[in-house]
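**Q** coordinates only, no sequence provided:
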């Protein structure tokens, strides 16, 4: 007689709940009549560039000692009527995803030990909370 296999069938682990999400309204960009439309309304970009991800620091410039936090920088932009942020980056840094030096993150101690892409995720989430459009700029091949 054959003995049935009593090995338990593995059960996949539950899918973790997403973290760091924020409520963002639906976005529909179109064009018409020579204008860019956002959800059917004319959208005029008032943006700036916050550089750093394309450099050898691999993070936003200004987060070092006596600089400013991500929140302070983005709040300044919103309070001055900006609605977009350009984030230039370097391809080699995206591919290697280095851990950012602690000395570059004095104003963001919670990001110490994080990689460039983890920090970029935080920046994008903070922009989304403030309804800032993020425009990624594949700026250069090497940081």
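**A** Received, thanks. A quick note: this is a predicted structure, and the numbers were derived from the prediction, not measured.

**Q** so where do the helices sit in the protein?
**A** Using DSSP state H, the helices of the chain run over 70-79, 91-96, 116-129.

**Q** list the contacts of residue 70.
**A** Neighbouring residues of residue 70 by C-beta atoms under 8 Å, 6 or more residues apart in numbering: 60, 63, 108, 122, 123, 126. (Glycine included, C-beta is placed from N, CA and C.)

**Q** isn't residue 102 right up against residue 112?
**A** Yes. Counting by C-beta atoms under 8 Å, residue 112 is a contact partner of residue 102 at 5.0 Å.

**Q** who has more neighbours out of these two?
**A** Legend: neighbour count by other C-beta atoms under 10 Å for residue 102 and residue 112, higher for residue 112 (14 against 11).

**Q** okay, now the unreliable bits of the protein?
**A** The chain contains residues with pLDDT under 70 at 1-25.

**Q** can you report how many residues lie near the nearest residue to residue 45 once chain neighbours are set aside?
**A** Spatial nearest neighbour of residue 45, excluding adjacent residues (C-beta to C-beta, 6 or more residues apart in numbering): residue 84 at 4.9 Å. Using other C-beta under 10 Å, residue 84 has 17 other residues around it.

**Q** tell me what residue 84 is bridged to.
**A** Beta-bridge pairing of residue 84 under DSSP bridges involves residue 47, residue 133.

**Q** now render the helices of the chain as a markdown table, adding distance to residue 40.
**A** Shown next, in a markdown table, are these (distance: least, C-beta to C-beta, whole Å):
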| stretch | distance to residue 40 |
| --- | --- |
| helix 70-79 | 23 |
| helix 91-96 | 34 |
| helix 116-129 | 21 |
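
**Q** and of those, who's closest to residue 54?
**A** With respect to residue 54, and counting by C-beta to C-beta, the nearest of those is helix 91-96 at 7.5 Å.
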